[in-house]
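# Just need the structure, nothing else, for what follows:
(2 chains)
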Number of protein chains: 2
Amino acid sequence: MLRKLEDTLEDILRERMMQRAELHDAMKYTLMAGGKRLRPMLYLNHISEEMTPAFEDFRFAAAIEMIHTYSLIHDDLPAMDNDDMRRGIPSNHRVHGEAMAILAGDAFLSEAFTTVLYIIRDNLQFLPMAILLAEAAGMQGMVYGQSLDMLFEKEDVPYESVEQMVRFKTGKMIALPLEAAAMRLGYSGFRRRKIRQMGSLLGEIFQLKDDILDISGDEDELGKHIGSDALEGKRTIPAIYGLERAESIYAEKCSKFRAYAREAELSTPLLQFYEMILQRRK
Amino acid sequence: MLRKLEDTLEDILRERMMQRAELHDAMKYTLMAGGKRLRPMLYLNHISEEMTPAFEDFRFAAAIEMIHTYSLIHDDLPAMDNDDMRRGIPSNHRVHGEAMAILAGDAFLSEAFTTVLYIIRDNLQFLPMAILLAEAAGMQGMVYGQSLDMLFEKEDVPYESVEQMVRFKTGKMIALPLEAAAMRLGYSGFRRRKIRQMGSLLGEIFQLKDDILDISGDEDELGKHIGSDALEGKRTIPAIYGLERAESIYAEKCSKFRAYAREAELSTPLLQFYEMILQRRK
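Sure, this is the predicted structure:
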């Protein structure tokens, strides 16, 4: 399934290639640099509980990954987080220049929605899912979170504010594939609520693991420099409470997550997929 | 009608305002800085030939303007055209900082599509128009054109390449409102073809006037510095052939445009609107 997602991503870029390839190449550089594909695979794995993912499901999953990829490229820019490594290779602007990196991000966002609009033309059921996606990405979702992150660099904010920032910046686009899958499968009531709770907790878990790995992770495994949060004075759970306390908060959140997953009656393969996420080391 | 469009733009931003207003304020700064609203008004004025524009038409027009505004904010960035004035005031990043300017652009692009998806939910007729919009904006449209513009700064390209660049960078999003309006009104055959020809020629006319004004325009009227193209060594028609020859090419293009407009049987008010565009001095 991951292979088919990768093919879909390559197909979309190839279909829209123009005479001059520089923009296309800048986009491909980060898109095909071997990300974890967490967000699209969350969607596809949930879908697989009940059905064989259709062409539109792979395209929808690809749109999710394209939006995630645009956010990585823009977040790494000098004016933003100024990160020079990403997915084990120099970040986009370090290779393709700042102008092309900005444009590659802009293009991914446009192409994600072009992709989604074509899906809707083929299958109207995706319209409310597309609205969820657009809202998770925009000024009430991920972009709002990133704006808070930028503001908080210059402010002395309480930890609750940092948590809220993470809820938007990371949480919205991690909860989205679960919500969208629940919608696609027609879940309602108790099961839908549990999947929503999983999605929102998963964002916190994911961010906390990132913050822990930024202190205690392996640079080679991670494919980026560690310790950059501390250098920038970012207020993360391990920075505030220390690594040990952070690990125990992490364990608590994982227990709660596993309880939701049991209540949502997930299949064994899906539970195993989630265990891999909870126990990731990169 | 312009007033109602302005209200729609303000409404969309207000509806989506969050607790922290910085991102919203950065967006509002450029959106409400009194642009000409050329692109959305092209759409609305064409629609008005046959019907009273509906709520969805104003929203669609607003989405066009939001995409245009995002492109202005990103194009002005230091890594792109590095312009410090826009619409008579300092450009977005000069006031709100580069990070917030990048995010304001990203947010406009997301919100334009959120707006469009809600329109489609209310009126499915807008789906093919939304696809046109997404394609005009993306890696086969405006963003591709901007990537060519960046590349050509470092290359010695023939004028034909510059023309092709303009066709994407400026032309696609100027032709779009005409194409979308023709679709909305159900035009086909001869009339549709004439409107398509008008749209594509209008892009050239618009760019050529910009290039002429950049040499001979009034800084106060324009609200931006003139002579910046020459400073950057941009290959424009007046730069290559001189101002006088550029003016006569401009006059020829206008004649051709007026011929198409007559063949498309536009009403007198719409013809007058176009005359204002052809004769603009800012």
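# what's the span of stretch A:42-54 from first residue to last?
Using C-alpha to C-alpha, to the nearest Å, one end of stretch A:42-54 lies 15 Å from the other.
# Then stretch A:29-42?
End-to-end for stretch A:29-42, by C-alpha to C-alpha: 23 Å.
# And that stretch, how far out from the chain middle?
Distance, stretch centre to chain centre, for stretch A:29-42: 9 Å (C-alpha atoms, centre = their mean, to the nearest Å).
# what does that stretch contact?
A:1-2, A:5-6, A:9-10, A:13, A:61-62, A:64-66, A:68-69, A:72-73, A:86-89, A:91-92, A:95-96, A:104, A:108, A:173-174, A:176-178, A:181, A:202, A:206, A:273, A:277, A:280 (C-beta atoms under 8 Å, 6 or more residues apart in numbering or on different chains). (Each C-beta comes from the backbone N, C-alpha and C, glycine too.)
# Give me the buried stretch members for stretch A:250-269, please.
Of the residues in stretch A:250-269, A:Tyr250, A:Lys253, A:Cys254, A:Phe257, A:Arg258, A:Tyr260, A:Ala261, A:Ala264, A:Leu266 count as buried by neighbour count, 16 or more other C-beta atoms under 10 Å in any protein chain shown.
# Can I get these in JSON lines including distance to chain B, secondary structure and pLDDT?
Shown next, in JSON lines, are these (distance: C-beta to the nearest C-beta, whole Å; DSSP: H, G, I helix; E, B strand; the rest coil; pLDDT from 0 to 100):
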{"residue": "A:Tyr250", "distance to chain B": "28", "secondary structure": "helix", "pLDDT": "96"}
{"residue": "A:Lys253", "distance to chain B": "25", "secondary structure": "helix", "pLDDT": "97"}
{"residue": "A:Cys254", "distance to chain B": "30", "secondary structure": "helix", "pLDDT": "97"}
{"residue": "A:Phe257", "distance to chain B": "27", "secondary structure": "helix", "pLDDT": "97"}
{"residue": "A:Arg258", "distance to chain B": "32", "secondary structure": "helix", "pLDDT": "97"}
{"residue": "A:Tyr260", "distance to chain B": "27", "secondary structure": "helix", "pLDDT": "97"}
{"residue": "A:Ala261", "distance to chain B": "30", "secondary structure": "helix", "pLDDT": "96"}
{"residue": "A:Ala264", "distance to chain B": "28", "secondary structure": "coil", "pLDDT": "94"}
{"residue": "A:Leu266", "distance to chain B": "30", "secondary structure": "coil", "pLDDT": "95"}
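# mind putting these in a markdown table, distance to A:Met41 included?
Compiled in a markdown table, the buried residues of stretch A:250-269 are given as follows (distance: C-beta to C-beta, whole Å):
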| residue | distance to A:Met41 |
| --- | --- |
| A:Tyr250 | 21 |
| A:Lys253 | 21 |
| A:Cys254 | 19 |
| A:Phe257 | 17 |
| A:Arg258 | 19 |
| A:Tyr260 | 19 |
| A:Ala261 | 16 |
| A:Ala264 | 17 |
| A:Leu266 | 14 |
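# A:Tyr187 is in contact with A:Arg196, isn't it?
No - applying C-beta atoms under 8 Å as the test, A:Tyr187 and A:Arg196 come out as separate, 9.6 Å apart.
# neighbour-wise, which of those two wins?
More crowded of A:Tyr187 and A:Arg196, by other C-beta atoms under 10 Å in any protein chain shown: A:Tyr187, with 20 against 17.
# If you count neighbours, what's buried in stretch A:269-282?
Within stretch A:269-282, the residues scored as buried using 16+ other C-beta under 10 Å are A:Leu270, A:Phe273, A:Tyr274, A:Ile277, A:Leu278.
# Now do the contacts for the third one.
This points to A:Tyr274. A:Phe257, A:Arg258, A:Ala261, A:Leu266.
# Surely the third one is in contact with A:Leu271?
This points to A:Ala261. Yes - in this structure, A:Ala261 is within contact of A:Leu271 by C-beta under 8 Å, at 6.0 Å.
# which phi and psi does the residue nearest to A:Gly88 when sequence neighbours are not counted have?
Leaving out its chain neighbours, the residue that sits closest to A:Gly88 by C-beta to C-beta, 6 or more residues apart in numbering or on different chains is A:Gly223, at 3.0 Å. Here is the backbone geometry of A:Gly223 (degrees, to the nearest 10): phi 80, psi 20.
# where does A:Gly223 land on pLDDT?
On pLDDT, A:Gly223 comes in at 71.
# burial of it, as a residue count?
Residues lying near A:Gly223 (other C-beta under 10 Å) number 16.
# just checking, it touches A:Ser91?
No - in this structure, A:Gly223 is not within contact of A:Ser91 by C-beta under 8 Å, at 10.8 Å.
# shared neighbours, the two?
Taking C-beta under 8 Å, 6+ apart as the contact rule, A:Gly223 and A:Ser91 both touch A:Met85.
# For A:Gln140, give me its contacts.
B:Arg16, B:Met18.
# What about the closest residue to A:Leu9 other than its chain neighbours? Give its phi and psi, please.
Leaving aside its chain neighbours, A:Leu9 sits nearest to A:Ala62 (5.2 Å; criterion: C-beta to C-beta, 6+ apart). When read as degrees, to the nearest 10, the backbone of A:Ala62 gives phi -60, psi -40.
# Now do the same contact list for A:Ala62.
Going by C-beta under 8 Å, 6+ apart, A:Ala62 touches A:Leu5, A:Thr8, A:Leu9, A:Ile12, A:Pro40, A:Thr115.
# Scan those residues and report the most crowded one.
Ranked by the number of neighbours (other C-beta under 10 Å), the contacts of A:Ala62 place A:Pro40 first, at 27 neighbours.
# which element is it on?
A:Pro40 belongs to helix A:38-47 when elements are defined using DSSP states H and E.
# what mean pLDDT does that helix have?
Mean predicted lDDT for helix A:38-47 stands at 97.
# do the same with stretch A:151-168
For stretch A:151-168, mean pLDDT is 90.
# picking that back up, list just the nearest of the contacts of A:Ala62 to chain B.
Distances from chain B to those, taken as C-beta to the nearest C-beta, are shortest for A:Thr115 (8.8 Å).
# nearest residue to the closest one other than its sequence neighbours?
A:Ala63 (4.6 Å).
# So that neighbour, which state does it fall into?
Going by DSSP: H, G, I helix; E, B strand; the rest coil, the secondary structure assigned to A:Ala63 is helix.
# Confirm for me that it is in contact with A:Ala112.
Yes - taking C-beta under 8 Å as the definition, A:Ala63 is a contact partner of A:Ala112 at 4.3 Å.
# what about the nearest residue to A:Ala175 once chain neighbours are set aside, neighbour count?
Distances taken as C-beta to C-beta, 6+ apart put A:Gly199 closest to A:Ala175, at 3.3 Å, once the chain neighbours are dropped. Close neighbours of A:Gly199, defined as other C-beta under 10 Å, add up to 23.
# do you know how far A:Gly199 is from chain B?
Plainly put, A:Gly199 is 20 Å away from chain B if you go by C-beta to the nearest C-beta, to the nearest Å.
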